[in-house]
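1. next come a sequence and a model predicted from it.
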Amino acid sequence: MTEVEQVSEASQPLPRAGLMRRLAALLYDGFLVAAVWMVLGFILQLIVGTASNQLVDGVVQTDPLLDALLFTIMVASGSGFYIWFWTKSGQTLGMIAWRIKVESVDGGLIDFKQGVIRYFAAWPSFFLLGLGYLSIYLDSKGDAAHDKVSRSRVVVLPKSHRPFD
C-alpha cells in the first residue's frame, strides 16, 4: 500500500462493526472465558475438596457459600478479561480475529470506568432478547445500547491493520 493510500485510509472514520461480526467475536471470547472458568473451578475444587459436594436423589448439591464464591470468581474473572483487553489494546482475542476494536468516542482507548460500564451494560443488552444489540439497526451510527451508555464504539479495522506490530 502506498503512503497516499495509507494517509487517506487513516483520515476516513472507520465503519461501525455489525451485529454478526460482534457476535462471532463474542463466541470466540466465550470459549476462552469458559476455559478460564474451568481452570478456576478446578483450582477451587482442589482447595476445598470434594466433601462439599453430595449426591441427593440423583442431584448434586453443593455448599451455598461455595456457590456464591464460585459465582463471584466467575464474574470477577470474566469482567477482568474483557476490561483488561479493552483498556490495554481495545481488542480481545476474538476481536482481533474478526478485526474489530472498541474505542472511546474520541477514537482513543476506553478507560477503566468505561470498561466497567460497558461490560455490565452488555449483559442486559444480550439477555433482554438481544434488544440492546438489535439497537444497532435503529441507531443512525450503528451503535449498540451498551456502546451509548459507555460512550464507546466498536469499529471494523482495515485489512492492513496488524494487531501485534
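-> Cool, the structure landed.
2. when you work out contacts or count neighbours from here on, use the C-alpha atoms and nothing else.
-> Will do.
3. quick one, helices of this structure?
-> 3-11, 19-48, 64-88, 93-97, 112-127, 131-134, 145-150 (DSSP state H).
4. among these, which is nearest Glu103?
-> Closest to Glu103 of these is helix 64-88 (CA to CA; 8.0 Å).
5. spatially central, which residue of the chain would that be?
-> Tyr82 (4.7 Å; CA atoms, centre = their mean).
6. how about the contacts made by it?
-> 92, 115, 119 (CA atoms under 8 Å, 6 or more residues apart in numbering).
7. just those now: which is nearest Gly30?
-> Using CA to CA, the contacts of Tyr82 come closest to Gly30 at Thr92, 10.7 Å.
8. what number of residues lie near Ser160?
-> 9 (other CA atoms under 10 Å).
9. ok, now how distant is it from Trp123?
-> 32 Å (CA to CA, to the nearest Å).
10. where does the prediction get shaky in the protein?
-> Along the chain, segments meeting pLDDT under 70 span 1-11.
11. farthest from the middle of it: give me that residue.
-> Asp57 (38.3 Å).
12. now that one: phi and psi?
-> The phi and psi values for Asp57, taken as degrees, to the nearest 10, are phi 50, psi 40.
13. and the gap between it and Glu103?
-> The spacing between Asp57 and Glu103, counted by CA to CA, is 51 Å.
14. thinking Trp86 is in contact with Val116, fair?
-> No - Trp86 sits out of contact with Val116 when judged by CA atoms under 8 Å, with a separation of 10.1 Å.
15. more neighbours, these two?
-> Using other CA under 10 Å as the criterion, Trp86 and Val116 rank with Trp86 on top: 24 against 16.
16. from Leu93, how far out is the more buried one?
-> 10 Å.
17. ok, Leu138 next?
-> 28 Å.
18. spit out the contact partners of Gly78.
-> Val33.
19. from now on call the first residue 59
-> All set: I'll call the first residue 59, so the last point we hit is now Gly136.
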